[in-house]
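> return atomic coordinates for the entry below.
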Amino acid sequence: MDGQGMSDEGIHKSAILMLALGHDEAAEVFKYLGPKDVQRLGTAMANIGNVNRGQIESVLSDFRKETEGRVTLADSDEYIRTVLTKALGDDKAAHLLDRILQGNDNAGIESLKWMDASSVAEMIRNEHPQIIATIMVHLESDHASEILNLLPERLRNDVLLRIATLEGVQPMALRELNEVLTQLLAGGERGKKSALGGVKSTANILNYMGGAVEASVLASIRENDPDLAQKIQDQMFTFDNLLDLDDRSVQLLLREVQSESLIIALKGTSEELKEKIFKNMSSRAAEALKEDLESKGPVRLSEVEAEQKEILKVIRRLADEGQIVLGGKGGDEGMIE
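Take a look at the predicted model:
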C-alpha cells in the first residue's frame, strides 16, 4: 500500500476497507505502514464522505476474493511476497519483505521516519559520518535531504560522499547501529545485507536540495573523486532537464501541475525552457501563461526553488509509475525578475 505505487481508486478502496474493519483491526494494519502511507490513507479516510452499503459490500467482496483459499500457513510467505511485489514493485517490496520475513534489524531506524527532520538532525549530528550515512540511506530521499540540510556543511558533504561510495550494509553493522538507536528509541533483531546507498541514493537526496547546497556538495565530492561526482550528476534530474523530456511527457506533467506553481517555477528559467512549456499547451493557455509571467512581480529565489522541487516530485512520481522516462543533470537567496 504505497502512496506512489497505488492508484487513487486503490487508496479509496483501502480507506473504505479500513473504516469497515473497525478501530482495533485498522490500528493493527496501520502498524505495518510507513509514515507517508499512513498520511495518504488517513487523509483518504478523513475525506471519504458518505459511502453507501453497495460500495462497502463491493470492496469487502473484492477483498474476500483476494484472500479466499489463502488460509494455509505453508504458502503464507510466498503469498505475502507475491501480493507486496504486485502492489509496490520489486524494489520497494524487497525492502518491506526483508523486515517482515527476515526479522527487523532496523526498528530503531524505522522509528526515525516518524520524527521531524530537526529532531533527527539534533540526535545524530555528533555521530560518526559513516553512521549518519547508513541512517540516511534507510530514510526517504526528501526526509534525508531535510535532515542533511540542517547539518554543518563539512559534515553534510562528508556524509554524502560516504553515501555515494556505500555498497550495502552488513547485518552485524546494522544490528550494532540499531542497538545504538534503540537506547533512544525502540528495539529490533536479525537481517541480511541491504542493497542501499550508492550513486542513485546520493542523486535522489541532492535532487531535493537547493541549488547552492547541491553545488557545494558536488564540488566537495569532485575534489575527492571527479568520476564519482560525474556519475552522481548524470543520475540527477533538475528543473532544467525538463528540456530533455519528450512532448508527451511534458503534456502529462502539465496536467498534474497547478498554474500558479508553474508560473513561479518558470521565473528566471531560460527562454528555451519556457518555449518548451508553451508549445505543449493550447495557444490560449500558453498566451495566458505568458501574460501571467509578465505581470508577476519579483519572486524570491527560495520560492522559485520550492515550486521547482514540488514539480520535480511530480516528475519523479510519474517516472516511478512508468508514465514518463527521465534523463539527468544538476545551481543564493536573491530576487528573480
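> poorly predicted segments of the protein, please.
Applying pLDDT under 70 to the chain flags the ranges 1-7, 66-81, 83-107, 183-196, 210-211, 326-337.
> break it down into its domains, please.
1-68, 73-101, 107-235, 239-336 (automatic domain parsing).
> need the winner for burial among those.
Most buried of the domains of the chain, by mean neighbour count (mean count of other CB atoms under 10 Å): domain 107-235, with a mean of 18. Quick note: C-beta positions are derived from backbone N, CA and C, even for glycine.
> return the distance of that domain from the chain's centre.
Its chain's average C-alpha position is 14 Å from that of domain 107-235, according to CA atoms, centre = their mean, to the nearest Å.
> then stretch 294-313?
Here the centre of stretch 294-313 is set off from its chain's centre by 20 Å, with CA atoms, centre = their mean.
> ditto for stretch 254-274
Relative to its parent chain, stretch 254-274 has a centroid offset of 22 Å by CA atoms, centre = their mean.
> kindly report the same for stretch 36-50.
Taking the mean C-alpha point of stretch 36-50 and that of its whole chain, the gap between them comes to 19 Å (CA atoms, centre = their mean).
> again with stretch 250-266
Counting by CA atoms, centre = their mean, stretch 250-266 is centred 20 Å from the centre of its parent chain.
> for that stretch, measure first residue to last.
Stretch 250-266 has an end-to-end distance of 14 Å (criterion: CA to CA, to the nearest Å).
> need the residues that contact it.
For stretch 250-266, the surrounding residues in contact (CB atoms under 8 Å, 6 or more residues apart in numbering) are 239, 242, 245, 273-274, 276-277, 280-281, 289, 292-293, 296, 299, 303-304, 307-308, 310-311, 314-315, 318, 323-324.
> and Asn178, what element?
Asn178 is part of helix 171-182, with elements assigned from DSSP states H and E.
> after that helix, which helix or strand is next?
Following helix 171-182 in sequence, per DSSP H and E, is helix 199-207.
> which helices and strands does that following helix pack with?
Using 3 or more CB pairs under 8 Å, 6 or more residues apart in numbering; DSSP states H and E, the elements in contact with helix 199-207 are helix 141-149, helix 153-165, helix 211-224, helix 226-235.
> need the contact partners of that helix.
Among residues not part of helix 199-207, those counted as contacts by CB under 8 Å, 6+ apart are 136-137, 141, 144-145, 148, 160, 163-164, 166, 214, 217-218, 228, 231-233, 235-238, 312, 316, 328, 330.
> one step back: okay, the helices and strands packed on helix 199-207 in a markdown table with distance to Arg255 next?
Output for these, formatted as a markdown table (distance: least, CB to CB, whole Å):
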| stretch | distance to Arg255 |
| --- | --- |
| helix 141-149 | 23 |
| helix 153-165 | 34 |
| helix 211-224 | 27 |
| helix 226-235 | 26 |
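> returning to that earlier point: packing partners for the helix holding Asn178?
helix 107-112, helix 129-136.
> distance to Ser58 added to the ones you listed, as CSV?
Below are the helices and strands packed on helix 171-182 laid out as CSV (distance: least, CB to CB, whole Å):
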stretch, distance to Ser58
helix 107-112, 34
helix 129-136, 43
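> those: which one's closest to Val120?
Nearest of those to Val120, taken as CB to CB: helix 107-112 at 5.3 Å.
> so what secondary structure elements neighbour the closest one?
Using 3+ CB pairs under 8 Å, 6+ apart as the contact test, the elements touching helix 107-112 are helix 171-182.
> follow-up on the earlier one: which of the contacts of stretch 250-266 fall in strands?
Val299 (DSSP state E).
> among the contacts of stretch 250-266, which are in helices?
Residues of those located in helices (DSSP state H): 273-274, 276-277, 289, 292-293, 303-304, 307-308, 310-311, 314-315, 318.
> from those, which is closest to Ala173?
Nearest member of the ones in helices among the contacts of stretch 250-266 to Ala173, counting by CB to CB, is Ile315, at 34.3 Å.
> roughly how far does the residue nearest to that closest one when sequence neighbours are not counted sit from Asp158?
Distances taken as CB to CB, 6 or more residues apart in numbering put Leu253 closest to Ile315, at 6.2 Å, once the chain neighbours are dropped. According to CB to CB, to the nearest Å, Leu253 and Asp158 sit 35 Å apart.
> tell me which residues touch the closest residue in space to Lys290 that isn't next to it in sequence, please.
Spatial nearest neighbour of Lys290, chain neighbours left out: Phe278 (6.9 Å); criterion: CB to CB, 6+ apart. With contact set as CB under 8 Å, 6+ apart, Phe278 has these partners: Ala286, Leu289, Lys290.
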